[in-house]
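Trainee: could you look at this predicted model? Sequence included:
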Amino acid sequence: MEIKVCKTTEWSDHEWKTFVDSFISVFKREVTIESFKKNYTTNVDGTSYHALLLNDGGDVVGSCSVSPQEYYYKDRLIRLGLAVGVFIRDEYRMDPLVLRKMYKKLATYLKGLNILAVIAVPNAIAYPYWKNVVKWKDVGAIRYWALPVHIGAILHKAKFLNLLSKLYAYSVTYLSCMLSVFVDSRKSDSVYRIHDDAKFLKHRFLNDCYQCFENKDVLSFFRIVEEEGVRTAYIIYCKEKGQLSFRAFSKTTLYILKSQKIDMVLYIGQMNMFQTLFVRVPSRLEPKLLPLTCDIINEDSGLEGVYDLKNWDFGLVNYDVR
């Protein structure tokens, strides 16, 4: 067994094929080489960084990948890494520390690239390992904010409530649009926030699955997804003059309600501002836990308050963890 640290652009054809085969074996989900190449190269460096676990035949049987991103820390532009695509095939998990070894070797490599810290949103199965074995630290849980449109469709019962909930959704949205004219509520800049310049937005919303809404100073991107019979509009990015705002959310939601057949509007991320549109989904009703975690790999980084979620602006625009 070998741990190979490399760039996306350095993979051989055999490594690509066996990587995808292993990914499908672990996650039971059909993917293509082309989709991974696009995901791993549409970032600030034009490549991601990997610790590949190779068997004696040179097959990729495990991977720990990190995509570089630019963030603002206060007014200082810094480089962070986003951990994605972490797995090991079942038959190669004899050593419980192998994933830790892969990550540590990759982290040493990333430190030389001036990446100050690695952030991740591990799933419920991986979270205990990363926290207890690899020693990542919690930042906080990312929350869900919802506007139900057809409550009967969401609950899969009581369809007679759909008319009432639709009336509620339209009334709240129109009221919010009117109120936002007089109440210019905006989220102040967070200590840690993604550098969402034009290049980032072009890479982030490259796929056709995203729809764009523009109105004067408002720019939004959203995605319609059907999950278990529920059509949901996920608002991914929603800003007015570069800031998250009550007015931007109100205009975007009204556009979605008028143009799309949906059962619910969801926003996942930090709100931290006055708004009358969404209600926070209670923790017990959230579809899944979304724990933001962090590992500072450069102790001379000078980063402060990194383990406090109040200092972060983090949501689906940073990483689509639906």
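Mentor: Thanks, I have the structure now.
Trainee: got the contact list for stretch 199-217?
Mentor: Among residues not part of stretch 199-217, those counted as contacts by Cβ atoms under 8 Å, 6 or more residues apart in numbering are 38, 42-44, 70, 194, 196, 219-224, 236-237, 240-241, 251-252, 255-256, 317. Just so you know, the C-beta spots here come from the backbone N, C-alpha and C atoms, and that holds for glycine as well.
Trainee: just the buried members of those residues?
Mentor: Buried members of these, counted by 16 or more other Cβ atoms under 10 Å: 42-43, 70, 194, 196, 219-223, 236-237, 240, 251-252, 255-256, 317.
Trainee: in helices, which of those appear?
Mentor: Lys251, Thr252, Tyr255, Ile256 (DSSP state H).
Trainee: save the residues you listed as CSV, and put in distance to Gly269 too.
Mentor: Formatted as CSV, those follow (distance: Cβ to Cβ, whole Å):
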residue, distance to Gly269
Lys251, 18
Thr252, 14
Tyr255, 19
Ile256, 17
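Trainee: pull out the buried positions in stretch 190-205.
Mentor: Ser190, Val191, Tyr192, Arg193, Ile194, Asp196, Phe200, Arg204, Phe205.
Trainee: err, stretch 110-126, not the other one
Mentor: Leu110, Ile115, Leu116, Ala117, Val118, Ile119, Ala120, Val121, Pro122, Ala126.
Trainee: wait, isn't the fourth one in contact with Ile296?
Mentor: If I follow you right, that is Ala117. Yes: between Ala117 and Ile296 a contact is recorded at 4.5 Å, counting by Cβ atoms under 8 Å.
Trainee: next, Ser165: phi, psi?
Mentor: Dihedral pair for Ser165: phi -70, psi -30, per degrees, to the nearest 10.
Trainee: all further residue positions should be reported with the first residue as 305.
Mentor: Happy to do that; since the first residue is 305 now, the last one works out to Ser469.
Trainee: which residues touch it?
Mentor: With Cβ under 8 Å, 6+ apart, Ser469 has these contacts: Pro452, Val453, His454, Ile455, Gly456.
Trainee: name the nearest of those residues relative to Leu570.
Mentor: Leu570 has its nearest neighbour among these in Pro452, at 9.8 Å by Cβ to Cβ.
Trainee: the closest one reaches Ala473, doesn't it?
Mentor: Yes: with contact defined as Cβ under 8 Å, Pro452 reaches Ala473; the gap is 6.7 Å.
Trainee: rewinding a little: which two of the buried residues of stretch 414-430 have the greatest separation?
Mentor: It's Leu420 and Ala430 that sit farthest apart of the buried residues of stretch 414-430, by Cβ to Cβ, at 22.6 Å.
Trainee: would you list every one of the helices in the chain?
Mentor: 317-331, 337-345, 402-415, 431-436, 455-459, 466-486, 502-508, 550-563.
Trainee: and among those, the most buried is which?
Mentor: Mean neighbour count (mean count of other Cβ atoms under 10 Å) peaks for helix 550-563 among the helices of the chain, with a mean of 22.
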